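Engineer: Sequence and computational prediction follow.
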Amino acid sequence: GQQLNQSPQSMFIQEGEDVSMNCTSSSIFNTWLWYKQDPGEGPVLLIALYKAGELTSNGRLTAQFGITRKDSFLNISASIPSDVGIYFCAGENYGGSQGNLIFGKGTKLSVKP
Amino acid sequence: GAGVSQTPSNKVTEKGKYVELRCDPISGHTALYWYRQSLGQGPEFLIYFQGTGAADDSGLPNDRFFAVRPEGSVSTLKIQRTERGDSAVYLCASSSAGGVGETQYFGPGTRLLVL
């Protein structure tokens, strides 16, 4: 089946640093989504990307849909403590089931000790 | 307005028992989804309802898992003869119409532990 490879698996941030994470797939997706999940909560949508090459911002977050439609990245600028959590990429295809989101394994953001 | 709610928030059961997990979607949302999230993993799709009918149940792992949505709103995920490997967080999501690109809003999940 389709799989998403998300990296890095985890990273430590210091307040004010920029953060970057990415997601790749061996197959094409029509939509790329980035979610954040806090402990004990469900994932919350951050950014949705619908067109190859699309670059979208949401406050300090910026995400891009790769030209090949097989990858996406998420950048967080000037990180703040509340950015800690787990970030998931997810892909959606228009063919087949329209409910079937494929999720990566997540990137865990923690604060540097 | 209220978001997606799930009950119970936690469920501990013994191997071999039957469990039911409930999802209340956002009012008016016609599409409802169930996902399963194991520790350290992303959510994995189980089943998708459009109204009362299951539009796609290809993610259900085996015939011990079953879900219903009889009136097109609340949904129940049913697991028979639970196994320790069923332990996970079961997430429910809903979207307005279920079309392509529709935002899925997730509930907080039910944490199931099978002893």
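Structural biologist: Received, thanks.
Engineer: Any stretches of the chain with poor pLDDT?
Structural biologist: Picked chain A for this. Scanning chain A for pLDDT under 70 picks out the ranges A:1, A:94-99.
Engineer: Wait, chain B was what I had in mind.
Structural biologist: Residues of chain B meeting the criterion pLDDT under 70: B:1, B:99-100.
Engineer: Give me the secondary structure label for the residue nearest to the spatial centre of chain B.
Structural biologist: In chain B, the C-alpha nearest the mean C-alpha coordinate belongs to residue B:34, at 3.2 Å (CA atoms, centre = their mean). Put simply, residue B:34 is strand when judged by DSSP: H, G, I helix; E, B strand; the rest coil.
Engineer: residue ranges of the strands in chain B, please?
Structural biologist: For chain B, the strands defined by DSSP state E cover B:5-7, B:10-13, B:19-24, B:31-37, B:44-50, B:53-56, B:65-68, B:75-79, B:88-95, B:105-106, B:110-114.
Engineer: typed the wrong thing, it's chain A
Structural biologist: Listed in chain order (using DSSP E), the strands of chain A are A:4-7, A:10-13, A:19-25, A:31-37, A:44-49, A:55-58, A:61-65, A:71-76, A:85-92, A:101-103, A:107-111.
Engineer: Quickly run through the sheet partners of the first one, with directions.
Structural biologist: Partner strands for strand A:4-7, per DSSP bridges, with pairing direction: strand A:19-25 (antiparallel).
Engineer: Now do the partner strand against strand A:71-76, angle only.
Structural biologist: Interaxial angle, strand A:19-25 versus strand A:71-76 (axes from the mean of the first three to the mean of the last three CA atoms, to 10 degrees): 170 degrees.
Engineer: ok, residues contacting strand A:19-25?
Structural biologist: A:2-8, A:11, A:13, A:32, A:70-76, A:79, A:83, A:87, A:89, A:91, A:102, A:104, A:107, A:109 (CB atoms under 8 Å, 6 or more residues apart in numbering or on different chains). Every residue, glycine included, has its C-beta placed from N, CA and C.
Engineer: so which of the strands of chain B gets nearest residue A:38?
Structural biologist: Residue A:38 lies closest to strand B:105-106 among the strands of chain B, at 11.4 Å (CB to CB).
Engineer: what comes into contact with that closest one?
Structural biologist: Strand B:105-106 has contacts (CB under 8 Å, 6+ apart) with A:42-45, B:3-4, B:26, B:29, B:91-95.
Engineer: For those residues, give me CSV that also has neighbour count.
Structural biologist: What follows is the contacts of strand B:105-106, written out as CSV (neighbours: other CB atoms under 10 Å in any protein chain shown):
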residue, neighbour count
A:42, 23
A:43, 29
A:44, 13
A:45, 16
B:3, 14
B:4, 22
B:26, 18
B:29, 19
B:91, 26
B:92, 28
B:93, 27
B:94, 27
B:95, 21
